[in-house]
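**Student:** return a 3D structure for these sequence lines:
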Amino acid sequence: MDIITSKSNPLIKNVNKLLNSAKERQRQKKFVLEGARLCFDAFNSPCKVDAFLITETAAEKYKEQTEKMIKTAENAYFISAQAAEKLSQTENTQGVFAVCEMAKSKHKIEPGKKYIALDGVQDPSNLGAVIRTAEALGIDGAVCFNCCDVYNPKALRASMGGVLRFPIIMSCDLVNDINEAKCAGFEIFASAPAHGENIAGISFPNSSICIIGNEANGISAEVFSAATRIVTIKMLGRAESLNASAAGTILMWEMMRGD
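**Tutor:** Reported below is the predicted structural model:
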């Protein structure tokens, strides 16, 4: 395996670009995983590993997984501790990185399934946390519209690899997608801080979509108008609203409670 020691190496520079620029990720159709768990999770995903980078210390620690990744990845490199620090987006790097190609999504909204839709969620940690919870609770997929990049390093970490495995549908027009879903028999639930039906009293049909809005402004007016029902998480305390990921957790738990 080749050894990269310089922080100025062209590959290290390109990986750094991918870590820090959504525009660059979309241009190259590639993204970067950091950390042993996320990188080795790539084994069980449809994403092709274009380059695997690991320090010699980490390779010794994760010997079995490293050997498998070296055989699987298109390219593999040892990198110095200094290069790993240059790339790391975490406080204490494990020295394990993987450059992956974005898999082409073949997912679509299908009748008989339950989806969470995200309208303009901009915090990557919120986005990743919702995907992680959706995968854990058995939601069938997430529909993302005008959201932050799902391949943002914070979103990838917060999802605990869920972005690699979970069905994510990138919407170009959420109102149109909602209207098509309604024609297919879907019930569309828009979440709001107040003036909606109590989420705890609702029985969600198998064909249903529940929408979470932007952290600051909630669901856009056009999307809100396209929903068939408005739901609210009743709060007894003094807070007027919930964090998007916290609200999403409650909404999805209620969606799956009867299953």
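**Student:** now the helix or strand containing A136, how far from the centre of its chain.
**Tutor:** Following DSSP states H and E, one finds A136 within helix 124-137. Centroid displacement of helix 124-137 relative to its chain, using Cα atoms, centre = their mean, to the nearest Å, is 6 Å.
**Student:** tell me how many other residues crowd the residue nearest to G35 when sequence neighbours are not counted.
**Tutor:** Nearest residue to G35, sequence neighbours excluded (Cβ to Cβ, 6 or more residues apart in numbering): Q94, at 5.3 Å. In short, each C-beta sits where N, CA and C put it, glycine included. As a burial measure, Q94 scores 20 neighbours (other Cβ atoms under 10 Å).
**Student:** which SS class is Q94?
**Tutor:** coil (DSSP: H, G, I helix; E, B strand; the rest coil).
**Student:** low-confidence ranges, this protein, go.
**Tutor:** 258-259 (pLDDT under 70).
**Student:** the helices in it, which residues?
**Tutor:** Per DSSP state H, the chain carries helices over the ranges 10-20, 22-28, 36-41, 56-61, 63-72, 81-87, 124-137, 153-158, 162-165, 174-183, 221-226, 244-256.
**Student:** dump those into TSV; add distance to A200 and mean neighbour count as well.
**Tutor:** Listed next are the helices of the chain as TSV, based on distance: least, Cβ to Cβ, whole Å; neighbours: other Cβ atoms under 10 Å:
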stretch	distance to A200	mean neighbour count
helix 10-20	41	17
helix 22-28	37	14
helix 36-41	34	20
helix 56-61	46	16
helix 63-72	43	14
helix 81-87	45	18
helix 124-137	16	23
helix 153-158	26	23
helix 162-165	26	22
helix 174-183	24	17
helix 221-226	21	15
helix 244-256	7	20
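**Student:** looking at these, spot the one closest to S203.
**Tutor:** helix 244-256 (9.5 Å; Cβ to Cβ).
**Student:** and the contacts of the closest one?
**Tutor:** Helix 244-256 is touched from outside by 114, 116, 118, 121, 123, 125-126, 129-130, 133-134, 137-139, 189, 191, 199-200, 202, 204, 208, 210, 212-215, 231, 233, 241-242, with contacts defined as Cβ atoms under 8 Å, 6 or more residues apart in numbering.
**Student:** now with 7 Å?
**Tutor:** Residues from elsewhere that reach helix 244-256, judged by Cβ atoms under 7 Å, 6 or more residues apart in numbering: 114, 116, 121, 123, 126, 129-130, 133-134, 137-139, 191, 199-200, 202, 204, 208, 210, 212, 215, 233.
**Student:** stretch 89-106 spans what distance, first to last residue?
**Tutor:** Terminal residues of stretch 89-106 lie 30 Å apart, using Cα to Cα, to the nearest Å.
**Student:** tell me which residues of it are tucked away?
**Tutor:** The neighbour-count check on stretch 89-106 (16 or more other Cβ atoms under 10 Å) flags 89, 93-100, 102 as buried.
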